[in-house]
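[1] all I have is the shape, not the residue letters:
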DNA sequence: ACCCTTTTCTGAACACGTTCAAAAATCTCT
DNA sequence: AGAGATTTTTGAACGTGTTCAGAAAAGGGT
């Protein structure tokens, strides 16, 4: 169980769900700062201490929020991935949907990422605690790659989902700092970078670039091994 | 003045400096969490309120810390840049020095980055408030590029410092999450990526890659314009 | 039905970052 | 040197996230 104190009773499950739901509700409604633990407890009709019985910290609550938006994103992406086979189109759609899914929360996304960037936080995308969420997230890009007809070297194909996930994290980081109206810059960034990535994937089969490709992929795998 | 309330009197300057110094001292000694505003004020022999007269927030204090490590990094880099002309060697040295400069603070660097990642925070590397620091930081890479004999297209040469700064931010992000002993993984990352970047710069003159290069550079400039 | 264990829940407390009105010290100008 | 304006400094207060000892409720076995 990646979460905090699990509920061990039927009643417990109920209370836990109640707190979580009101938390998400308040979070969307009032943003991060205004959503105090006291407000959550109060609106849930629960004592402050009880909220902490089910959620180790305020960040825990946020993690649940993350997970929800991720599920929305996957739900929105899958239908598109069914009918689009071009890898460029697939990636473009998935990335655009990611941003549009996150759009309503742009205001306090900074705080989200802020806690996520702290490696000591269980919220960190690289932390073991969020491994499940990360796995699910990468999984989407596995589907994206597997279902495309794009021709590319096998070694690249194996690592591409992870690389695209990394890329997608970078785009989110950009988006968080993007204060342009309707986040125009982020959408522009996506259009450009997806085009560039598409070209790079095409070029990857070129023998001229083979050493470079090998080198880059070795970097990825070696760092992964060093991590474990 | 990017800082908080400036000191307007000689005495004020003194107190301001006193608070800042004890803050940095405690920060290095006890880490972020243990260094409370009360502790800083207390050790400085000043009231809590007075600390807030000179520093708008705890984060402000941290920004000063950032700046100090940056200056140390530049001081360590310049001598090397004098005697090394190969761009690969220059970049390798600068990046290694960056990490070794930061090394003592790895433990609480997460918190540093945590606040830095919040776009609403003046500490954010992309925020207008830290423009000066960012400018100085990019400046180091301008020196790095200008003093190298590497041949490359002019359009790339113009944007390379900024791109390298971006790259260096990415490495720092990786370093923060790197819990391997002595941060071996980060140093490995640097070796690999510097090699790759060096090869990419060499390849950039190749006509085959011209459209890709143009496209990538247009992305950079266009996003910059959209930002302003 | 009883007791004992486990779980749920409460309310008060703590330390923290931050704010603010007002006192004290300092500066400025005549 | 003195008066008025500005700056520095204080101390108390507020609301926050979080903790904890223990009360209340629920569950389980005989």
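    All right, it came through fine. Values in this document were obtained by computation on a predicted structure and should not be read as measured data.
[2] count the residues that sit near residue A:85.
    For residue A:85, the neighbour count with other CB atoms under 10 Å in any protein chain shown is 12. The C-beta positions use only the backbone N, C-alpha and C, and glycine is treated the same way.
[3] distance check, residue A:25 against residue A:110.
    Separation of residue A:25 from residue A:110 (CB to CB, to the nearest Å): 20 Å.
[4] can you pick out the residue with more neighbours from these two?
    residue A:110 (19 against 14).
[5] residues contacting the closest residue to residue A:149 other than its chain neighbours?
    Closest residue to residue A:149 apart from its sequence neighbours, by CB to CB, 6 or more residues apart in numbering or on different chains: residue A:85 at 5.4 Å. When contacts are counted by CB atoms under 8 Å, 6 or more residues apart in numbering or on different chains, residue A:85 touches A:147, A:148, A:149.
[6] 10 Å instead, please
    A:147, A:148, A:149, A:150 (CB atoms under 10 Å, 6 or more residues apart in numbering or on different chains).
[7] all helices of chain A, in order?
    Per DSSP state H, chain A carries helices over the ranges A:10-34, A:37-44, A:48-54, A:58-83, A:87-102, A:106-117, A:131-146, A:154-176, A:184-203, A:210-227.
[8] identify each buried residue in the first one, please.
    Read that as helix A:10-34. A:15, A:16, A:19, A:20, A:22, A:23, A:24, A:26, A:27, A:32 (16 or more other CB atoms under 10 Å in any protein chain shown).
[9] and the average pLDDT for that helix is what?
    Mean pLDDT, helix A:10-34: 92.
[10] who does it touch, helix- and strand-wise?
    helix A:37-44, helix A:48-54, helix A:58-83, helix A:106-117 (3 or more CB pairs under 10 Å, 6 or more residues apart in numbering or on different chains; DSSP states H and E).
[11] what does residue A:47 show for phi and psi?
    phi -80, psi 160 (degrees, to the nearest 10).
[12] equivalent analysis for residue A:153, please.
    According to degrees, to the nearest 10, residue A:153 has phi -60, psi 150.
[13] thought it was touching residue A:202?
    No. If you go by CB atoms under 10 Å, residue A:153 and residue A:202 don't touch, sitting 11.3 Å apart.
[14] residues from chain A in reach of DNA strand D?
    A:9-11, A:35-39, A:48-49, A:52, A:56-59 (CB under 7 Å from any atom of the strand).
[15] out of these, which two sit at the greatest distance?
    Across the residues of chain A next to DNA strand D, no pair lies farther apart than A:10 and A:36, at 28.4 Å, counting by CB to CB.
[16] for chain A, which residues are neighbours of DNA strand C?
    A:5, A:7-9, A:11-12, A:15, A:46-50, A:52-53.
[17] so where's chain A uncertain?
    A:1-5, A:111, A:113-133, A:226-228 (pLDDT under 70).
[18] what separation do you get for residue A:47 and residue A:9?
    Residue A:47 is 17 Å from residue A:9, by CB to CB.
[19] those two: which has the busier surroundings?
    Counting neighbours by other CB under 10 Å for residue A:47 and for residue A:9 shows that residue A:47 has the greater number, 12 against 9.
[20] tally of neighbours for the closest residue to that one other than its chain neighbours?
    Among residues not flanking residue A:47 along the chain, residue A:41 sits closest, at 6.1 Å (CB to CB, 6+ apart). Residues near residue A:41, counting by other CB under 10 Å, number 19.
[21] my read: residue A:41 touches residue A:52, true?
    Yes. With contact defined as CB under 10 Å, residue A:41 and residue A:52 form a contacting pair (8.7 Å).
[22] now do the shared contacts for those two.
    With CB under 10 Å, 6+ apart, residue A:41 and residue A:52 have common neighbours residue A:19.
[23] which residues does the residue nearest to residue A:47 contact?
    Listed by CB under 10 Å, 6+ apart, the contact partners of residue A:41 are A:19, A:22, A:23, A:47, A:48, A:49, A:50, A:51, A:52.
[24] about what we covered before: most surrounded residue in the contacts of residue A:85?
    residue A:148 (21 neighbours).
[25] ok, it touching residue A:81?
    Yes. Here residue A:148 reaches residue A:81: they are 9.0 Å apart, a contact under CB under 10 Å.
[26] quick check: neighbours shared by the two?
    What both residue A:148 and residue A:81 touch, as defined by CB under 10 Å, 6+ apart, is the set A:89, A:90.
[27] just the helices and strands packed on helix A:10-34: most buried one?
    helix A:106-117 (a mean of 21; mean count of other CB atoms under 10 Å in any protein chain shown).
[28] doesn't residue A:50 make contact with residue A:7?
    No. Proximity of residue A:7 to residue A:50 does not meet the contact threshold set by CB under 10 Å, at 11.5 Å.
[29] mutual contacts of those two, please.
    Jointly contacting residue A:7 and residue A:50 under the rule CB under 10 Å, 6+ apart are A:15, A:16.
[30] I figured residue A:190 hits residue B:223, correct?
    No. Between residue A:190 and residue B:223 there is no contact under CB under 10 Å: 11.2 Å.
[31] got any residues that touch both of the two?
    residue A:174.
[32] which of the two has more neighbours?
    The neighbour count for residue A:190 versus residue B:223, taken as other CB under 10 Å, is higher for residue A:190 (21 against 17).
[33] give me every residue that touches the more buried one.
    A:91, A:92, A:94, A:95, A:96, A:98, A:99, A:168, A:171, A:174, A:175.
[34] please name the residues that touch the second one.
    Read that as residue A:92. With contact taken as CB under 10 Å, 6+ apart, residue A:92 is in contact with A:80, A:84, A:86, A:190, A:191, A:193, A:194, A:195, A:197, A:198.
[35] at 7 Å instead, please
    A:190, A:194 (CB atoms under 7 Å, 6 or more residues apart in numbering or on different chains).
[36] any idea which of the contacts of residue A:190 is closest to DNA strand C?
    Distance to DNA strand C across these (CB to the nearest atom of the strand) is lowest for residue A:175, with 25.1 Å.
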